[in-house]
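Chemist: Sequence below, structure please.
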Amino acid sequence: MKALILIALVISPALCAGASAQPKYTQAAICQIASQRGKYPQLVQIEADLFNGMPHGLFIGDTTCPRRKIRIDYKTAGAEPSVVSFDKYVLQNFAITGLIGHGRFCGSIKHDPGTGRIYLLLQTVLDFQPKGLPAERPGEPPTVTPPPAAPQVPAPDEDPLTQKVTVR
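Modeler: Predicted coordinates for the structure are as follows:
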């Protein structure tokens, strides 16, 4: 009897920890969220394209609702590894605007009182696929290739415009 109670005490916390470790996300679409006006599920998962709208931020959108986009925001302090990796990708490719990837973005819908608009507070990124930049290693964000070196400019005393040319 004591052995059964001991087993129950050991297993019960493990089951609770496993259940709370993975939150339940409700599958949602951009138009569905935009039409709900304040009645959002607590946690949502949106499969969408990622757009860099620099300098306005990052946005997600999907083909079912091409005229609507939702801004995303996230914190890296204490964030899940997928968000940290996502942040590295965004920072490495900040100069690329437009469509920059596709994935499943999980988090909570928040309301920005300053703009009156909603945004997704990102908690997890799943199956993120960069667009236009191949990943160097599976699961790692790609790095941007540096631009080609600028052509060598002659020193001021070697300026080709001031050099004399003789024609024979």
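
Chemist: Identify the bridge partners of Val44.
Modeler: Residues found in beta-bridge contact with Val44 (criterion: DSSP bridges) are Thr26, Gly107.

Chemist: ok, it - contacts?
Modeler: Val44 sits next to Tyr25, Thr26, Gln27, Ala28, Ile33, Cys106, Gly107, Ser108, Ile109, Leu120 when contact means C-beta atoms under 8 Å, 6 or more residues apart in numbering. C-beta coordinates here come from the backbone N, C-alpha and C atoms, glycine included.

Chemist: Now, of these, which are buried?
Modeler: By the neighbour-count criterion of 16 or more other C-beta atoms under 10 Å, those include these buried positions: Tyr25, Ala28, Ile33, Cys106, Gly107, Ser108, Ile109, Leu120.

Chemist: pLDDT added to those, as TSV?
Modeler: Output for the buried ones among the contacts of Val44, formatted as TSV (pLDDT from 0 to 100):
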residue	pLDDT
Tyr25	90
Ala28	90
Ile33	86
Cys106	95
Gly107	95
Ser108	93
Ile109	92
Leu120	93
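
Chemist: quick one: Ile109 and Gln27, what's the gap?
Modeler: Distance, Ile109 to Gln27, using C-beta to C-beta, to the nearest Å: 13 Å.

Chemist: all helices in this protein, in order from the N-terminus.
Modeler: Secondary structure of the chain, counting by DSSP state H: helices at 2-21, 30-36, 81-92.

Chemist: Could you tell me the least trusted of those?
Modeler: Among those, helix 2-21 carries the lowest mean pLDDT, at a mean of 36.

Chemist: Could you pull up the residues touching Gly98?
Modeler: Residues counted as contacts of Gly98 (C-beta under 8 Å, 6+ apart) are Phe51, Asn52.

Chemist: So what sits opposite it in the bridge?
Modeler: When bridges are called by DSSP bridges, Gly98 pairs up with Asn52.

Chemist: cool, and the one 5 residues further on?
Modeler: On the basis of DSSP bridges, Gly103 is bridged to Ala48.

Chemist: So it is in contact with Gln129, correct?
Modeler: Yes - with contact taken as C-beta atoms under 8 Å, Gly103 and Gln129 are classed as touching, separated by 6.3 Å.
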